[in-house]
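Enquirer: Would you be able to build a 3D model of this:
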Amino acid sequence: MVTIHTLKVGTLALCLSLFLGACASSGDSPTGTANEVQEIQTQLLGDMPLPAASKIIGSDSLIIGRGDSWVGRVTLSGVQTPTDIYAFFQSEYPRAGWTTISAVKSKTSTLVFTKGDRTASVELSEGSFLGPKTIIIITSSPKNANVVAPSKK
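Expert: Numbers count the residues shown, from 1 in each chain. Okay, the predicted model is just below:
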């Protein structure tokens, strides 16, 4: 039989857990003022505009190089909805000189851009209930990279 005291203790423990979980950081982005964080992200990712207040999740990212010539994958947490972030990429990347190659709006949206000798693919998906509203994955690579198919043995 469950007593009132047991319910109170259980409720208190649940509330405390939720409170502590909400205080935890959702990413590994640098800390500081919004301008300082934006400057560091610009140094890492160069001419790729990012949605306001988005933060790099370092544990899920692999950035090789820096600035306008980085390659790899960066995962970001976004505070806007996937629809708003999709609209951001569709409007801001062309303004930054990127050409839209393909754009698919769905539960997991995908956009592909090129600029010079580079290709960037952007994948957007809904975040978790307690986490960011949107998970953003940007993959950057040279446009005409020599990709060799694995040989059959």
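
Enquirer: So, low pLDDT: which residues of the protein?
Expert: 1-38, 145-149 (pLDDT under 70).

Enquirer: can you pull out the helices in it?
Expert: Secondary structure of the chain, counting by DSSP state H: helices at 4-23, 34-45, 82-95.

Enquirer: Can you name the residues bridging to I138?
Expert: On the basis of DSSP bridges, I138 is bridged to V74, V122.

Enquirer: Now for it: which residues touch it?
Expert: L45, M48, R73, V74, L76, A120, S121, V122, E123 (C-beta atoms under 8 Å, 6 or more residues apart in numbering). (Glycine included, C-beta is placed from N, CA and C.)

Enquirer: What is the burial count for the last one?
Expert: Neighbour count for E123, taken as other C-beta atoms under 10 Å: 17.

Enquirer: ok, for it, nearest residue in space, not its chain neighbours?
Expert: By the measure of C-beta to C-beta, 6 or more residues apart in numbering, the closest residue to E123 outside its immediate chain neighbours is I137, 4.4 Å from it.

Enquirer: State the distance from the one you found to N144.
Expert: 22 Å (C-beta to C-beta, to the nearest Å).

Enquirer: quick one, which of these two is more surrounded?
Expert: Comparing I137 with N144 by other C-beta under 10 Å, the one with more neighbours is I137, at 18 against 8.

Enquirer: quick one: the more buried one and V74 touch, right?
Expert: Yes: judged on C-beta atoms under 8 Å, I137 makes contact with V74 at a distance of 7.4 Å.
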